[in-house]
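[1] Next come a sequence and a model predicted from it.
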Amino acid sequence: MASDLRYSEEPVRPPGPRQLLVQVLYLSVDPGLRGWLNPARTYIAPVEVGDVMRAIGVGKVVEANGHNRFSPGDYVMGMLGTQEVCTTDGEDLVRVDPALAPLPTYLGTLGLPGLTAYVAVSDLGRPAQGETFVVSAGAGAVGSVAGQLARLRDCRVVGIVGGYEKCRYVTEELRFDAAIDYKSEEVSRGLRRECPDGVNVYLDNVGGEILDAVLERLARGARVVISGAVSQYNVTGPWRGPSNYMSLLVNRASMVGFVVWDHLDRYESFVAEMAALIRNGSVRSREQIVDGLAELPNAVATLFAGDNLGKLVLRIAGDE
């Protein structure tokens, strides 16, 4: 991805009427950064050549030229882009409270990854007590939160992760019941061992071979929720779809995809509920911080290599 990005410096564009000038403090490093470069039809238009690279960030309002929602000193979260300063109309921004949680947490557990996990578990997967909940990329920003929410529903939680340290993280720190290391064993074998009665709910963040493996182990009435397909974002040809989708028919199962942007009306109530769970220790949040805007390409490479643990965040500036 480094060859697709150009670092440049330009004068700050002052805010026009009812616009904001926001100092960008932290940026979220997401798989979507790669997916948004693809010209294929998806839920959002691709980033055009010459545009500021799209990214969700947390920042501080520096100027508010007659804006009716925000004032200087407010902390905000939204699509700020990979830049140090953002001039925006603020339509997609929400106010965040640094007294409630550290600012990087608003890009992970209290941000769109956390909301993604919340909707996937509460609204779509709906795991019940005693059911088996499986999540791929279980140590990532979405999977780590989803697994913890399923555990709070008294489910058996199995995380599919890559590497010994991530297995240790999800079982010891996040208290998943089991982990399957796709780097050291076949996922199908791990699923047979850890899900002897089948998979009742599966949250898929990766697609490809792992999705196929889980479809083989579905229990009757299973729910499959598609949140992402990180294994396919760098594919240059056609994306790989599930080869054994007839398992949905045989097991009277369902599969649904969703985009978190359609659920932003839930954000305020979600933050209140999730912040309470963090405060009482029911949910644990972890952010991995990388410093400097110039490190963006390396951070994205780290993400796709699976070398991050928890939510990967780029620190652009300190908040003084």
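    Yep, that arrived.

[2] hey, let's count contacts and neighbours off CA atoms from now on
    OK.

[3] Can you show me the helices along the chain?
    Along the chain, the segments classed as helices by DSSP state H run 32-35, 112-119, 141-152, 164-168, 187-194, 208-215, 246-250, 267-279, 296-305.

[4] Using PDB, list the CA coordinates for the last one.
    Listed in PDB are the C-alpha atoms of helix 296-305, where the atom choice follows Å, rounded to 0.1, in the frame of the first residue of the first chain:
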ATOM      1  CA  LEU A 296       0.500   4.800   8.100                       C
ATOM      2  CA  PRO A 297       1.700   2.400   5.400                       C
ATOM      3  CA  ASN A 298       3.700   0.400   7.800                       C
ATOM      4  CA  ALA A 299       0.800   0.300  10.200                       C
ATOM      5  CA  VAL A 300      -1.600  -1.000   7.500                       C
ATOM      6  CA  ALA A 301       1.000  -3.700   6.600                       C
ATOM      7  CA  THR A 302       1.200  -4.700  10.300                       C
ATOM      8  CA  LEU A 303      -2.600  -5.000  10.300                       C
ATOM      9  CA  PHE A 304      -2.800  -7.300   7.300                       C
ATOM     10  CA  ALA A 305       0.200  -9.400   8.500                       C
END
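
[5] helices or strands next to it in the packing?
    Contact analysis of helix 296-305 by 3 or more C-alpha pairs under 8 Å, 6 or more residues apart in numbering; DSSP states H and E lists strand 311-315 as its packing neighbours.

[6] List the pairing partners of the strand it packs on within its sheet, with orientation.
    Strand pairing for strand 311-315, determined by DSSP bridges: strand 19-28 (antiparallel), strand 287-291 (parallel).

[7] That one versus helix 141-152: what angle between them?
    Taking axes from the mean of the first three to the mean of the last three C-alpha atoms, to 10 degrees, strand 311-315 and helix 141-152 form an angle of 140 degrees between their directions.

[8] So what touches strand 311-315?
    The set of residues external to strand 311-315 that reach it, using C-alpha atoms under 8 Å, 6 or more residues apart in numbering, is 25-30, 104, 107-108, 140-141, 286-293, 295-296, 299, 303.

[9] what mean pLDDT does that strand have?
    When pLDDT is averaged over strand 311-315, the result is 91.

[10] and the angle from that strand to helix 296-305?
    Inter-element angle recorded for strand 311-315 and helix 296-305: 170 degrees (by the same axes, to 10 degrees).

[11] Closest to the centroid, which residue in the protein?
    Taking C-alpha atoms, centre = their mean, the centroid of the chain lies closest to Pro113, which sits 3.4 Å from it.

[12] any low-confidence regions in the protein?
    Within the chain, the ranges that satisfy pLDDT under 70 run 1-4, 6, 32-51, 231-237, 319-320.

[13] Show me the domain layout of it.
    Annotated domains of the chain cover 2-108+286-315, 112-261 [automatic domain parsing].

[14] CSV for those domains, including distance to Ala276?
    Putting those into CSV (distance: least, C-alpha to C-alpha, whole Å) gives the following:
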stretch, distance to Ala276
domain 2-108+286-315, 9
domain 112-261, 13
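
[15] and those domains, which is most packed in?
    Mean neighbour count (mean count of other C-alpha atoms under 10 Å) peaks for domain 112-261 among these, with a mean of 20.

[16] Touching, Pro72 and Glu63? I think so.
    Yes. The criterion here is C-alpha atoms under 8 Å, and Pro72 meets it with Glu63 at 5.4 Å.

[17] Alpha carbons of stretch 110-130, as CSV, please.
    Once side chains and other backbone atoms are set aside, the C-alpha atoms of stretch 110-130 remain, and they are given as CSV (Å, rounded to 0.1, in the frame of the first residue of the first chain):
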residue,chain,number,x,y,z
LEU,A,110,-16.1,2.7,22.2
GLY,A,111,-15.9,3.4,18.4
LEU,A,112,-17.2,1.9,15.2
PRO,A,113,-15.4,-1.5,15.8
GLY,A,114,-17.1,-1.8,19.2
LEU,A,115,-20.5,-0.7,17.7
THR,A,116,-19.9,-3.3,14.9
ALA,A,117,-19.4,-6.0,17.5
TYR,A,118,-22.4,-4.8,19.6
VAL,A,119,-24.8,-4.9,16.6
ALA,A,120,-23.5,-8.2,15.4
VAL,A,121,-24.0,-9.9,18.8
SER,A,122,-27.1,-8.1,20.1
ASP,A,123,-29.2,-7.6,17.0
LEU,A,124,-28.1,-10.2,14.4
GLY,A,125,-26.3,-13.2,16.0
ARG,A,126,-28.3,-13.1,19.2
PRO,A,127,-26.3,-15.9,20.9
ALA,A,128,-28.3,-17.5,23.8
GLN,A,129,-27.0,-19.1,27.0
GLY,A,130,-25.3,-22.4,26.4
